[in-house]
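Visitor: Pasted the sequence and its predicted model underneath.
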Amino acid sequence: MRRPDTLIALMGCMVGGDPRELRGRYPHVAAFFNILKPASFLEMVEERQGLRLAEPGLSQTGAAFATGGLGARSPLSFGFATGGLGGRSPLLSREEATDPEHSLQEPTESVVKGGATAGPVKYIPIIYGCDNFCSYCIVPFSRGREVSRPMPEIVCEVESWTRRGVREVTLLGQNVDSYGHDLPGRPDLADLLSALHHIPGLWRIRFLTSHPKDISDRLIDAMSSLPKVCESINLPVQSGDDAVLQGMGRGYTVDGYRKLVDKVRERVPGISVTTDLIVGFPGETEAQFYRSFALLQEIRFDLVHVAAYSPRPGTRAARMPDDVPSEEKKRRLALVEELQTAIATEINSRLSGQEVEVLVERQAKGKWTGRTRTDKIVFFQDEGDWTGRLVTVKITRTSPWSLQGELVQLAVGCGKEKALGT
């Protein structure tokens with residue numbers, strides 16, 4: 001180990017009330033924290049770092065934390081982040097972060113106090129928990145049922161961050177498309193996107209993760225008509241076989257999923273579509289796996305997050321026979337990775353020689369890095385300071401996972417937003 005003094009902690013949907021089973025599986029992890037009870041996590045950080053989380057500069061010491069889920073790219077459950085995780089700045093004071101009722105209060109500037117400088121990109125939780133109870137997933141048990149944050153509170157938070165330099169927000173939820181069903185008046189995600197779209201200085205809006213059965217025509221219309229909503233979406237398919245999908249409790253068929261992707265691509269031209277896939281689910285036969293494989297060949301996703309099935313204690317799937325051998329799971333996973341590498345190589349190669357709009361996030365190893373509206377990672381070199389700026393980059397090299405290019409010019413406006421003059 002390069003840093004033997006480093007403490008590794010785990011916080012995420014895997015951690016429930018009793019961590020003893022996880023301790024056996026991950027002996028190198030020193031501490032486990034329930035995502036819905038962050039107080040003990042914050043207390044440990046303060047004790048080790050000698051700092052309060054509302055102070056900037058938390059990343060000056062060597063502790064590292066594995067948080068699960070989006071990891072370093074996302075804030076923790078109640079809207080706070082630690083500087084030690086990818087340099088994200090804290091959003092809340094310790095007292096606010098540990099109050100589970102905070103996200104349900106009236107709008108307040110305190111959701112962004114702390115004095116830290118904002119980066120150009122922020123992740124905004126809008127709904128917690130999940131009501132779907134997919135057979136393999138522990139989230140509804142570890143995080144509870146769905147609870148949406150009031151829309152005025154979210155708008156207030158985004159407005160506050162935008163005044164401090166944030167130009168892109170990603171709206172987060174385990175099932176983000178379910179947003180608002182539990183709120184008075186039942187606003188939905190399309191309503192929230194429309195409200196955020198009017199915030200001056202906000203250039204880009206993204207959201208994840210979507211559930212295919214909950215994507216509405218209203219949401220697709222909003223994606224198509226609101227210039228600030230980026231042309232990218234994650235639609236987890238999980239399997240390309242109807243019987244496996246039924247065992248997973250996903251609530252849709254392969255044909256229904258296929259029609260949804262066709263509709264989204266028709267209504268939002270050029271959209272980047274990514275997905276999640278599980279191989280080796282209980283009972284998955286060779287033929288069923290190859291139906292998933294064929295679906296990937298047919299739809300040609302920009303990115304596939306693939307995982308080999310492993311049982312989560314307490315879920316319905318954990319009571320099913322885990323009858324696909326480990327080596328076979330690895331083989332299927334490798335086949336998917338090989339296929340997707342080839343597909344992504346071909347898709348990204350089409351961008352060679354093209355000029356793309358990039359929101360620059362940071363500099364790393366001498367190169368500036370940011371993302372296109374379709375969520376492609378782009379690297380370029382230049383002497384200037386481009387953090388938080390929209391630039392045009394001409395792509396000179398492509399790979400399955402990222403793009404490299406040359407700075408052409410500072411972009412004017414914000415992509416489709418140029419016509420709006422905001």
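Guide: Arrived safely, thanks for sending. Numbering: from 1, shown residues only.

Visitor: Verify the contact between L172 and K122 for me.
Guide: No: shown here, L172 and K122 do not form a contact pair, counting by CB atoms under 8 Å, at 10.2 Å. Backbone N, C-alpha and C define where each C-beta goes, glycine included.

Visitor: Between the two, tell me which one has more neighbours.
Guide: K122 (25 against 22; other CB atoms under 10 Å).

Visitor: ok, the more buried one - contacts?
Guide: 75, 158, 161, 166, 168-170 (CB atoms under 8 Å, 6 or more residues apart in numbering).

Visitor: what residues go with each domain of this protein?
Guide: Annotated domains of the chain cover 1-114, 118-230, 233-349, 355-420 [automatic domain parsing].

Visitor: most neighbours per residue, which of the ones you listed?
Guide: Most buried of the domains of the chain by mean neighbour count (mean count of other CB atoms under 10 Å) is domain 118-230; its value is a mean of 19.

Visitor: pLDDT averaged over that domain, what's the number?
Guide: Mean pLDDT, domain 118-230: 96.

Visitor: who touches R265 in this structure?
Guide: Counted by CB under 8 Å, 6+ apart, R265 has contacts 271, 273.

Visitor: so how far is the helix or strand it falls within from its chain's centroid?
Guide: Per DSSP states H and E, R265 falls inside helix 254-267. Centroid separation for helix 254-267 versus its chain: 21 Å, with CA atoms, centre = their mean, to the nearest Å.

Visitor: got a list of contacts for the very next helix or strand once past that helix?
Guide: On the C-terminal side of helix 254-267, the closest following helix or strand by DSSP H and E is strand 272-279. Residues from elsewhere that reach strand 272-279, judged by CB under 8 Å, 6+ apart: 136, 209, 231-239, 248, 261, 264-265, 289, 292, 296, 299, 301-309, 329, 332-333, 336, 374-376.

Visitor: what do you get if the cut-off is 6 Å, keeping everything else the same?
Guide: Outside strand 272-279, the residues within contact range by CB atoms under 6 Å, 6 or more residues apart in numbering are 232-238, 301-309, 329, 332-333, 374-375.

Visitor: what's the following helix or strand after it?
Guide: helix 286-299.

Visitor: Quick one: list the elements packing against that following helix.
Guide: Packing partners of helix 286-299 (3 or more CB pairs under 6 Å, 6 or more residues apart in numbering; DSSP states H and E): none among the helices and strands.

Visitor: ok, then the element right after that helix?
Guide: Next along the chain after helix 286-299, taking DSSP H and E as the criterion, comes strand 303-308.

Visitor: List the strands paired with whichever strand or helix holds I126, with their directions.
Guide: Per DSSP H and E, I126 falls inside strand 121-128. Strand 121-128 sits in its sheet next to strand 147-148 (antiparallel), strand 168-173 (parallel), going by DSSP bridges.

Visitor: I'd like the next helix or strand past the longest one.
Guide: This means strand 168-173. Next element after strand 168-173 (DSSP H and E): helix 189-197.

Visitor: what about L351, which helix or strand?
Guide: In the assignment (DSSP H and E), L351 maps to no helix and no strand.

Visitor: The helix holding R265 vs strand 272-279, what angle?
Guide: Here the directions of helix 254-267 and strand 272-279 differ by 160 degrees (axes from the mean of the first three to the mean of the last three CA atoms, to 10 degrees).

Visitor: for the protein, what's the longest helix?
Guide: Taking DSSP state H as the criterion, the chain has its longest helix at helix 326-349.

Visitor: tell me how far it is from the chain's mean position?
Guide: Relative to the chain's own centre, helix 326-349 is displaced by 21 Å; criterion: CA atoms, centre = their mean.

Visitor: For it, name the packing helices and strands.
Guide: Using 3+ CB pairs under 6 Å, 6+ apart, helix 326-349 is in contact with strand 272-279, strand 303-308.

Visitor: ok, the last one: who's next to it in the sheet?
Guide: By that I understand strand 303-308. In the sheet, strand 303-308 lines up with strand 272-279 (parallel) (DSSP bridges).

Visitor: pLDDT averaged over the partner strand - what is it?
Guide: On average, strand 272-279 scores 98.

Visitor: Just the CA trace of it, in PDB.
Guide: The C-alpha trace of strand 272-279 is given here as PDB (Å, rounded to 0.1, in the frame of the first residue of the first chain):
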ATOM      1  CA  SER A 272     -26.100  10.000 -26.100                       C
ATOM      2  CA  VAL A 273     -27.800   7.000 -24.600                       C
ATOM      3  CA  THR A 274     -26.000   4.900 -21.900                       C
ATOM      4  CA  THR A 275     -27.200   1.900 -20.000                       C
ATOM      5  CA  ASP A 276     -26.600  -0.500 -17.100                       C
ATOM      6  CA  LEU A 277     -26.500  -4.300 -17.600                       C
ATOM      7  CA  ILE A 278     -26.300  -7.200 -15.100                       C
ATOM      8  CA  VAL A 279     -24.800 -10.500 -16.300                       C
END
